[in-house]
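Enquirer: I need the structure of the sequence given here:
(chains A and B)
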Number of protein chains: 2
Amino acid sequence: MSDQEAPLRNGVEHKIFEVLPFVDDDYGGVIVEMKTPMDTKNFVAALRDSFEQWRLQGKKGVWLNLPLSHVNLVEPAVKEGFRYHHAEPTYLMLVYWIPEAESTIPLNASHRVRVGAVVLNHNKEILVVQEKYGSLCGSGIWKIPTGVVDEGEEIFAAAIREVKEETGIDTEFLEILAFCQTHESFFAKSDLFFVCLLRPTSFDIQKQDLEIEAAQWMRFEDSASQPITHKNDLFKDIHHICSMKMEKSYSGFSKKPITTFFDDKLGYLYLNKQEDMEQPIS
Amino acid sequence: MSDQEAPLRNGVEHKIFEVLPFVDDDYGGVIVEMKTPMDTKNFVAALRDSFEQWRLQGKKGVWLNLPLSHVNLVEPAVKEGFRYHHAEPTYLMLVYWIPEAESTIPLNASHRVRVGAVVLNHNKEILVVQEKYGSLCGSGIWKIPTGVVDEGEEIFAAAIREVKEETGIDTEFLEILAFCQTHESFFAKSDLFFVCLLRPTSFDIQKQDLEIEAAQWMRFEDSASQPITHKNDLFKDIHHICSMKMEKSYSGFSKKPITTFFDDKLGYLYLNKQEDMEQPIS
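Expert: Coordinates of the predicted model:
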């Protein structure tokens, strides 16, 4: 039965006030996407009629995408039993689970992803900055450039971008040296911090003014011997990994473009690239 | 000026209808946390008065946390200029940026994090499952157990949990062999998929019924020679890495508990652990 048809109940045609526009999802549910404005009364009536159809059809999850312009429908949707799922600046996604059985609605995005960029030049100097804001501000501590990976952005590309933005230095990505997971870093969200090794292809620093107080090439030994190194595990470990890397006794993960497991999407695999990695499995 | 005092303007005491409860954040902004119910009229009046104070105080970002019970305030907040930031089942977070200068409001969580668990036993068998749902359902393909990392959950713990849930097998975490980043995997969110190597400590499979159609120990060669291996990069690469690992010619990243860079939180660093990694930097 299409959502455009009026269902017959007990042989009596049942008027649908205004059918909510929806598409099926891949998991036995539907996604309602509101395009045109609707008043709350018509919305509730159409929603109830739609639910009657969805229940008959055995639908499971009902996703309701409300653009900011449809904010008037948030309260009636919640009163009809919807719960928040996630939000972005321009829309709010709500969800309703129809079956008696336990919900298999997937969780919201759980992690913020950040990069730290280790940029070492031929003079055994490391590119470091002092920030205008944040917890190290005013501490005199020199740190590697760091930043947040945007939605849809490759990790390696974010590292290159952050170095360019903060210091004006052009770089090439070499490896992910290590990464760190922590929790409750941003409200309840967890944090993944990828330490990337980059090779500089330019050398004149032009620092950005908005967030960066100072930027310089610093002798690696001087960076490693800052007092914080003795107090902070991550700071110490990053320097230790770098010094092993400079002695060619450390392998991080290189990147390799791939198509993915399930849906043939393009992505990047980060792995310890060995010589024989390009050989097919026998 | 505390938020409890009535500000004087032109010497005239100005009545605050009801002050919105807020705390300062670490970035020159405020976080409003609504605890008690409020009608929309009083809310808008209190919000406008509060904004007058915040502007005078040079506040930047205003975070507004509205629990589900305060859904009546979503529409008036948006009409006063707030935008959605993020949402969880029980609350909606909105934000307003006061200054003329460009917003430095941090982005919402951008990534979903998943694990795949490679469990190899002493007989060169790999633990594999067939799922009841998802894109491989009905394909006859045997795959490693996979699942989503919960907010606040360690990656290695998620791998152990998923294996236990899907197959009943107990395991110990050894290494992250590789990881893969893709985009638009879940609405606009990006995806990080960590391939974990685990050592089984039990051997009798008890499969879970809800999501798993079948589970077995499969000869590694048989898993690697499934037809999908020749069509799918990630499937092929995982098997190739495993075969190198079985020949002891591959190093993934081990875990190491640490305190973090900025805020002394506990976390885990994943790195290529070398013998000399425990030595201090000289």
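Enquirer: There's contact between residue A:233 and residue B:258 in this structure, I believe.
Expert: Yes - Residue A:233 lies in contact with residue B:258 (Cβ atoms under 8 Å); the separation is 3.7 Å. All C-beta atoms are positioned from the backbone trio N, CA, C, and that covers glycine.
Enquirer: any shared contact partners between those two?
Expert: Common contact partners of residue A:233 and residue B:258 (Cβ atoms under 8 Å, 6 or more residues apart in numbering or on different chains): residue B:269.
Enquirer: Check residue A:5 and give its pLDDT.
Expert: Looking at residue A:5, its pLDDT is 43.
Enquirer: got it, and the one 5 residues further on?
Expert: In this model, residue A:10 is scored at 46, pLDDT.
Enquirer: what's the single longest strand in chain A?
Expert: Identified as the longest strand of chain A according to DSSP state E is strand A:171-186.
Enquirer: and that one with strand B:171-186, angle?
Expert: Strand A:171-186 runs at 100 degrees relative to strand B:171-186, counting by axes from the mean of the first three to the mean of the last three Cα atoms, to 10 degrees.
Enquirer: In strand A:171-186, which residues are buried?
Expert: Neighbour-count burial for strand A:171-186, with 16 or more other Cβ atoms under 10 Å in any protein chain shown as criterion, is recorded at A:171, A:173-183, A:185-186.
Enquirer: what about residue A:84, which SS state?
Expert: What DSSP: H, G, I helix; E, B strand; the rest coil gives for residue A:84 is strand.
Enquirer: Not counting sequence-adjacent ones, nearest residue to it?
Expert: Leaving out its chain neighbours, the residue that sits closest to residue A:84 by Cβ to Cβ, 6 or more residues apart in numbering or on different chains is residue B:87, at 3.9 Å.
Enquirer: Surely the one you found touches residue B:95?
Expert: No - counting by Cβ under 8 Å, no contact exists between residue B:87 and residue B:95, whose distance comes to 12.0 Å.
Enquirer: before we move on, back to that, in the sheet, who's paired with the residue nearest to residue A:84?
Expert: Beta-bridge partners for residue B:87, by DSSP bridges, are residue B:92.
Enquirer: Show me chain A divided up by domain.
Expert: Chain A breaks down into these domains under the TED database: A:22-97, A:111-250.
Enquirer: would a markdown table of those with mean pLDDT be doable?
Expert: Below are the domains of chain A laid out as a markdown table (pLDDT from 0 to 100):
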| stretch | mean pLDDT |
| --- | --- |
| domain A:22-97 | 93 |
| domain A:111-250 | 92 |
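Enquirer: Let me know which of the ones you listed is the nearest to residue B:32.
Expert: Proximity of the domains of chain A to residue B:32 was assessed by Cβ to Cβ; the nearest stretch is domain A:111-250, lying at 14.0 Å.
Enquirer: Just the C-alphas of the helix or strand that contains residue A:198, formatted as CSV.
Expert: Residue A:198 is located in strand A:189-200, with elements delineated by DSSP states H and E. The C-alpha coordinates for strand A:189-200 follow below in CSV (Å, rounded to 0.1, in the frame of the first residue of the first chain):
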residue,chain,number,x,y,z
LYS,A,189,31.4,12.6,24.0
SER,A,190,34.6,10.7,23.8
ASP,A,191,37.8,11.9,22.0
LEU,A,192,40.2,10.2,19.6
PHE,A,193,43.5,12.1,19.1
PHE,A,194,45.7,10.9,16.2
VAL,A,195,49.4,11.9,16.3
CYS,A,196,50.4,12.3,12.7
LEU,A,197,54.0,12.5,11.3
LEU,A,198,54.3,15.1,8.5
ARG,A,199,57.3,16.1,6.3
PRO,A,200,57.6,19.8,5.7
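Enquirer: Quick check: can you name the pairing partners of the next helix or strand along the chain from that strand and their directions?
Expert: Per DSSP H and E, the first helix or strand lying C-terminal to strand A:189-200 is strand A:212-219. As defined by DSSP bridges, the strand partners of strand A:212-219 come to strand A:125-131 (antiparallel).
Enquirer: okay, the angle between the partner strand and strand A:189-200?
Expert: Relative orientation of strand A:125-131 versus strand A:189-200 (the same axes, to 10 degrees): 140 degrees.
Enquirer: need the helices for chain A, in chain order.
Expert: Remark: helices of chain A, listed N- to C-terminal, are A:40-56, A:74-79, A:155-167, A:220-224, A:233-246; assignment by DSSP state H.
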